[in-house]
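Student: sequence first, predicted coordinates after that:
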Amino acid sequence: MYKKSRIIIGAITSICLLTIILGCSPNEQNSETVQSRDRPFVETAESPATKPISAPIHSLGDVISITQKNLNLQFTVNSTKVHPGKGVIQPNKGNQWVVVDTTIVNQGQQPQTFSVVSFEVIDGNNKTYEVALLASALEDIETPTGEISPGDQRQGQLVFEVPEDTSNLKLLFQPNPIECEEKSTAAKGLNCQPIIVKL
């Protein structure tokens, strides 16, 4: 009888523990954190509003000469368009991808390397947006970044994810962002104002 009671008590205890464990485990997902199964959510790389930049504003098609310490470049924004995305590679809902086609010509004597951190777009409210890295997976997008040998040029597309109602976009091109972050270097022959092109 005593042995039978111990078995019953043990069974009841196990059931209680199982109920507690199941009761504590999450059985509902927060609707704000549920992601689409078609593609992962990618946060738009949007920065807070910044102060207006006081630099000359260029137009599409302008061939812009950039001659600084260790730099001799020609930079051109050829065209812009909105990309609809393809398959699961899409901008976030309410946003769009703006494609900026550019050409960089290295007229100097040294190889020059450019990365996505050299480029941003800024809207009419002075909010800045970084390059949308997800869009680089699109087969019709070829980045203009990388190393450019002396005398060579590189043409390619930069993609930025911005809200659909964004207006007055301008491209910011900073040829030497790392050097310009260092105040001591910036004082040694570098112009750290970005090149601005109205899109």
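Tutor: Received, thanks.
Student: who are the contact partners of residue 139?
Tutor: Residues near residue 139 by Cβ atoms under 8 Å, 6 or more residues apart in numbering: residue 86. Quick note: C-beta positions are derived from backbone N, CA and C, even for glycine.
Student: ok, which stretches of the protein are strands?
Tutor: 46-49, 57-58, 64-68, 71-83, 95-106, 112-114, 119-122, 127-130, 146-148, 153-163, 170-173, 195-198 (DSSP state E).
Student: deepest of those strands, which one?
Tutor: Highest mean neighbour count of the strands of the chain: strand 119-122, a mean of 23 (counted as mean count of other Cβ atoms under 10 Å).
Student: returning to what we had before: okay if I get the strands of the chain as a markdown table plus distance to residue 179?
Tutor: Listed next are the strands of the chain as a markdown table, based on distance: least, Cβ to Cβ, whole Å:
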| stretch | distance to residue 179 |
| --- | --- |
| strand 46-49 | 21 |
| strand 57-58 | 22 |
| strand 64-68 | 10 |
| strand 71-83 | 10 |
| strand 95-106 | 17 |
| strand 112-114 | 12 |
| strand 119-122 | 16 |
| strand 127-130 | 19 |
| strand 146-148 | 17 |
| strand 153-163 | 20 |
| strand 170-173 | 15 |
| strand 195-198 | 15 |
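Student: weakest of those strands in terms of mean pLDDT?
Tutor: Among the strands of the chain, strand 46-49 carries the lowest mean pLDDT, a mean of 54.
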